[in-house]
Structure formats: structure tokens, C-alpha cells
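1. Dropping a prediction and its sequence here:
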Amino acid sequence: MCSAKTISGILTPLMVPLCANGEINEGELRRYIDWLIDKGVHGLYPNGSTGEFTRFTAEERRRIIQIVCDQTAGRVPVLAGAAEANVHETLDACNAYHDFGARAVAIVSPFYYKLSPESVFAYFREIALNSPIDVTLYNIPLFASPIDNETVCRLAEFDRIIGIKDSSGDLASMTRMIQSVRPLRPDFLFMTGWDAVLVPMLMAGCQGGTHATSGIVPEITRAIYDLTKKSQFDRALSVQKQLLELFDTTFCAADFPEGFRSAISLRGFDFGKGRQPQTEKQSAMLTATTEKIKLLIQQMLDNPAVA
């Protein structure tokens with residue numbers, strides 16, 4: 001098991017189960033946390049994109065981190081999503097999550113407004129100079145201003161910034177980034193956040209990944225990680241291909257991340273309905289895909305390569 005002080009391996013982006021009234025289902029969240037740890041994940045990543053952080057209030061986001069830190073009880077590290085709408089509120093979150101016992105925070109660059117690389121650098125520099133907790137950059141160009149290679153190199157000069165979680169899925173870009181930054185900071189953490197490229201990203205030098213599918217089949221993503229670290233690439237890639245089909249099917253079943261909420265429920269959890277309303281057509285599409293997702297999960301669990 002991964003030390004609570006070390007961030008590496010598979011960190012699961014936590015979805016949050018909801019009650020019928022839309023409130024956080026704390027009991028089910030605690031049960032889910034224990035299950036993920038028992039299945040072998042190396043850490044937990046709440047309040048990220050899969051965790052729908054924008055659909056919770058600031059108070060709820062703090063409560064989620066408090067629950068996760070309390071339930072993990074030091075068994076695995078907690079990488080807490082701390083992105084807020086501005087640098088002042090982000091630093092407030094950093095202070096709160098430090099007090100709750102998170103190992104580090106993950107922060108996206110400012111969203112909504114598209115910022116220049118210089119503004120992205122200025123934002124993270126302000127956080128690096130004032131945060132009481134270690135910071136990992138979170139690059140997700142789909143939703144926020146991108147963090148380019150040059151900016152990462154500049155930010156790596158700050159001790160408080162310990163790594164980057166990259167969800168671009170761009171293998172060439174990540175390889176260049178590792179080659180540029182690692183000579184300057186050998187301890188700098190590189191995590192991939194795109195399920196489809198876990199094996200090649202690990203081969204390129206990433207220390208681990210945060211993948212939505214690890215919340216559905218944690219034992220499978222852990223097996224892929226272990227096989228790759230043991231240089232059993234053929235076996236790892238055979239499982240990766242199955243994981244890719246599960247990811248694609250779940251991702252396309254509904255607007256992200258609702259398909260993942262439905263898939264987790266197939267593992268024996270009551271995750272309820274998400275806060276984003278759905279039309280009858282959307283609900284029907286999700287229901288129609290459920291049987292295929294269930295079959296894919298079982299096929300992966302039966303794969304002898306993960307035995």
C-alpha cells in the first residue's frame with residue numbers, strides 16, 4: 001500500500017453519492033472509500049472533474065474533503081481538488097484542506113476566462129508563494145486554460161509545486177514535459193488523467209494516474225499499473241484495451257460524468273441521480289447502455305491477465 005506521504009500509482013477521482021433529495025450521502029461515500037482502498041488504489045482524489053466539483057457549494061466541497069480525510073485515516077494519501085473561482089478562494093481552500101489532513105491539492109488554471117500562459121504562471125505563482133500545502137498543477141484544456149510546457153518548467157522552480165496531473169491525453173506533449181522538467185526537479189510528480197493512455201504514459205515516465213474508470217474497476221486499473229511497472233507490457237496492454245472500451249462506452253453513455261455514476265452503481269453502491277437534470281431521452285440512452293457496461297465490467301474482472 002502507498003504511504004500517505006507518497007503520491008504515486010493509481011489515485012481514484014471520487015464521485016460523490018447523492019441522496020434522493022440531492023444531498024451528499026455521507027454513509028455511502030464512506031463505504032465507497034473503504035471499498036476503493038480495499039481494492040488496492042494508491043490514493044484518492046476528491047473534488048476533481050469526475051467529482052463534479054463545480055456542482056457543489058464551497059461549503060459542500062470542504063465537507064467532502066473532511067469526510068474523505070477522516071475516512072481514509074492516513075491509509076492512503078488524499079489529493080484534494082482545491083480549484084475555486086479566484087485565487088483568494090483557492091487559497092482559502094488550500095488552508096482548509098491542509099487543516100483536514102490532505103497530502104496535497106490539485107488546482108486547475110482559471111476557468112471560464114481564457115488566459116495567456118503568462119497569466120496562468122502568475123496565478124500559480126501566487127498560490128505557490130502562499131499555500132500551506134503542496135500543490136499539483138492540473139492541466140485539463142477541455143475545461144480550463146492550458147498549462148504549457150514552458151509554464152510548467154517555470155513553476156517547477158517553486159518547491160511548493162510538486163507535480164502535474166495532465167488530462168490532455170497528449171503523449172508527445174507529456175513526454176516533452178518530462179524530458180524538460182525532470183532534469184530540473186528529479187522528484188517532480190507526473191500523473192496522467194486520461195484513461196486511454198495509462199500504459200504508454202507510465203512507459204513514458206509518469207508515476208501514476210488519476211482515472212475515472214478506477215472508480216468503477218479499481219482492481220483493474222491497479223493491475224494495469226502493476227503489470228506495467230513489472231515490464232509485462234503485453235499483458236498490461238491487453239487489459240488496457242478492455243479498459244479503453246469501458247471508458248469510451250461509459251463516457252458516451254451520457255454527458256460526463258453521469259455515465260460513471262451509473263457504472264459505479266453496478267458495483268453495488270447507491271449513487272443516486274446527479275444534480276444535472278436530464279431529459280427523458282437522455283435517461284433512456286443511459287439505461288440502454290447499462291447492460292453493455294455491466295458486461296464490459298465482468299469481462300475485465302474475468303480477464304486472466306489480471307489474476
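-> Now that the structure is in, tell me what you want to look at.

2. Can you show me the helices along the protein?
-> Taking DSSP state H as the criterion, the chain carries its helices at 26-38, 58-72, 87-100, 117-130, 149-155, 171-181, 198-204, 218-229, 233-253, 258-265, 280-301.

3. And the fifth one, what does it pack against?
-> What that stands for is helix 149-155. The contact analysis (3 or more C-beta pairs under 8 Å, 6 or more residues apart in numbering; DSSP states H and E) places helix 149-155 against helix 117-130, helix 171-181. Any C-beta I mention is one placed from the backbone N, CA and C, and that applies to glycine too.

4. Same list (these) but as JSON lines, adding mean neighbour count.
-> Below are the helices and strands packed on helix 149-155 laid out as JSON lines (neighbours: other C-beta atoms under 10 Å):
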{"stretch": "helix 117-130", "mean neighbour count": "17"}
{"stretch": "helix 171-181", "mean neighbour count": "17"}
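
5. quick one, which of these is nearest to residue 148?
-> Nearest to residue 148 among those is helix 117-130 (5.4 Å), distances taken as C-beta to C-beta.

6. Export that closest one to PDB, keeping only CA atoms.
-> Provided in PDB are the C-alpha atoms of helix 117-130 (Å, rounded to 0.1, in the frame of the first residue of the first chain):
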ATOM      1  CA  PRO A 117       0.500  31.500 -20.400                       C
ATOM      2  CA  GLU A 118       1.900  34.500 -18.500                       C
ATOM      3  CA  SER A 119      -1.400  34.900 -16.600                       C
ATOM      4  CA  VAL A 120      -1.500  31.200 -15.900                       C
ATOM      5  CA  PHE A 121       2.000  31.400 -14.500                       C
ATOM      6  CA  ALA A 122       1.100  34.500 -12.400                       C
ATOM      7  CA  TYR A 123      -1.900  32.600 -10.900                       C
ATOM      8  CA  PHE A 124       0.000  29.600  -9.800                       C
ATOM      9  CA  ARG A 125       3.000  31.600  -8.600                       C
ATOM     10  CA  GLU A 126       0.600  33.400  -6.200                       C
ATOM     11  CA  ILE A 127      -0.600  30.100  -4.900                       C
ATOM     12  CA  ALA A 128       2.900  28.700  -4.600                       C
ATOM     13  CA  LEU A 129       4.100  31.600  -2.500                       C
ATOM     14  CA  ASN A 130       1.100  31.500  -0.100                       C
END
